[in-house]
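Colleague: Give me a 3D structure for the following:
(one chain, ligands or ions: 2)
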Amino acid sequence: MNIHNVQFIKSAAHVEQKLLPDRPEVAVVGRSNVGKSSLINALFNRKRLAKTSTTPGKTRLLNYFSVDDCLYFVDLPGYGYAKLSKKEKEDWQKSIESYLKDNKYLKRVFILLDARHDLFSSDKMMIAWLDYYQISYSIIITKSDKINRNQLNAMKRKLKKAYPAKDIFSFSALKKTGRQEIIDQLNLIVELSQSLDI
Ligand SMILES: Nc1nc2c(ncn2[C@@H]2O[C@H](COP(=O)(O)OP(=O)(O)O)[C@@H](O)[C@H]2O)c(=O)[nH]1
Ligand SMILES: [Mg+2]
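Modeller: Numbering: from 1, shown residues only. Ligands and ions are numbered 1, 2, ... in the order given. Below you'll find the model as predicted:
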């Protein structure tokens with residue numbers, strides 16, 4: 001995978017419209033405004049592949065991106081947006097869960113955490129849920145440019161202690177730091193899937 005051909009494929013407003021899986025998928029989850037869309041744009045070197053916004057809670061769909069015809073990268077709607085009604089939150093939860101569950105093509109979830117905050121209860125719930133359904137995930141600390149190196153190292157240590165078996169990356173869309181490690185991981189996921197012929 002050389003990340004030369006990244007295309008927006010589809011927005012699914014409802015989980016029923018999700019793509020029939022035919023290749024490995026990697027999904028991005030996190031609170032709204034944590035930097036999911038910015039991560040996608042920076043990873044794939046495109047300015048407006050995924051829409052970024054200063055208004056939280058805007059991505060309310062599954063957005064599919066095809067990477068070099070061998071991987072789908074899926075941007076999921078953010079959680080933790082206070083202004084949603086109870087019904088909207090329930091709908092959100094149902095869509096996300098039915099996308100994440102029982103998808104054997106979903107090879108990895110990237111859970112994004114803002115470098116400036118401790119884990120929110122919604123993050124902890126998401127992680128517990130991924131653990132429960134035995135969905136493989138890695139943690140990405142976003143907006144690493146907003147804290148200094150010592151603070152970043154402390155956050156990494158803390159996360160490593162809480163989730164010792166998980167890969168923990170840090171990333172800045174602004175400075176483009178941490179990009180290669182994540183690309184390397186995507187390559188590994190694709191190679192592994194290809195060698196297993198799935
Ligand atoms: N300083 C800084 N700001 C960022 C970074 N990533 C995202 N942002 C900002 O955070 C806000 C939300 O980002 P967005 O990607 O839309 O978050 P999403 O809701 O998770 O998709 C935007 O104003 C971005 O410009 C980063 O690495 N560094
Ligand atoms: Mg977004």
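Colleague: only C-alpha atoms for contact and neighbour calcs from this point on.
Modeller: OK.
Colleague: Show me which positions of the longest strand along the chain end up buried.
Modeller: Longest strand of the chain, by residue count under DSSP state E: strand 106-114. Using 16 or more other C-alpha atoms under 10 Å as the test for burial, strand 106-114 gives Leu106, Lys107, Arg108, Val109, Phe110, Ile111, Leu112, Leu113, Asp114.
Colleague: dump the residue contacts of the second one.
Modeller: Lys107 makes contact with Pro24, Glu25, Val26, Ile135, Ser136, Ile189 under the criterion C-alpha atoms under 8 Å, 6 or more residues apart in numbering.
Colleague: Take those residues and keep only those in strands.
Modeller: Glu25, Val26.
Colleague: contacting residues for Pro21?
Modeller: Applying C-alpha under 8 Å, 6+ apart, the residues near Pro21 are Tyr105.
Colleague: Could you confirm it falls within a helix?
Modeller: No - looking at Pro21 with DSSP: H, G, I helix; E, B strand; the rest coil, it is coil, so not inside a helix.
Colleague: Ramachandran coordinates for it?
Modeller: Backbone torsions of Pro21, given as degrees, to the nearest 10, read phi -70, psi 140.
Colleague: how about the helices in this structure?
Modeller: Under the criterion DSSP state H, helices of the chain are mapped to 36-43, 86-100, 121-132, 149-162, 179-195.
Colleague: Check those helices for me: which has the lowest mean pLDDT.
Modeller: Mean pLDDT is lowest for helix 86-100 out of the helices of the chain, coming in at a mean of 83.
Colleague: Next, the angle helix 179-195 makes with the longest strand of the chain.
Modeller: Relative orientation of strand 106-114 versus helix 179-195 (axes from the mean of the first three to the mean of the last three C-alpha atoms, to 10 degrees): 160 degrees.
Colleague: in its sheet, what does strand 106-114 sit against?
Modeller: Strand 106-114 pairs in its sheet with strand 25-30 (parallel), strand 137-142 (parallel), by DSSP bridges.
Colleague: before we move on, back to that, single out the most deeply packed of the helices of the chain.
Modeller: helix 36-43 (a mean of 22; mean count of other C-alpha atoms under 10 Å).
Colleague: residue contacts, Pro164?
Modeller: Neighbour list for Pro164: empty [criterion: C-alpha under 8 Å, 6+ apart].
Colleague: Next one, pLDDT for it please.
Modeller: On pLDDT, Pro164 comes in at 96.
Colleague: Any figure for the gap between it and ligand 1?
Modeller: Distance from Pro164 to ligand 1, counting by C-alpha to the nearest ligand atom, to the nearest Å: 24 Å.
Colleague: Same check on Lys124?
Modeller: Lys124 is 17 Å from ligand 1, where distance means C-alpha to the nearest ligand atom.
Colleague: can you tell me which residues contact that residue?
Modeller: By C-alpha under 8 Å, 6+ apart, Lys124 has no neighbours at all.
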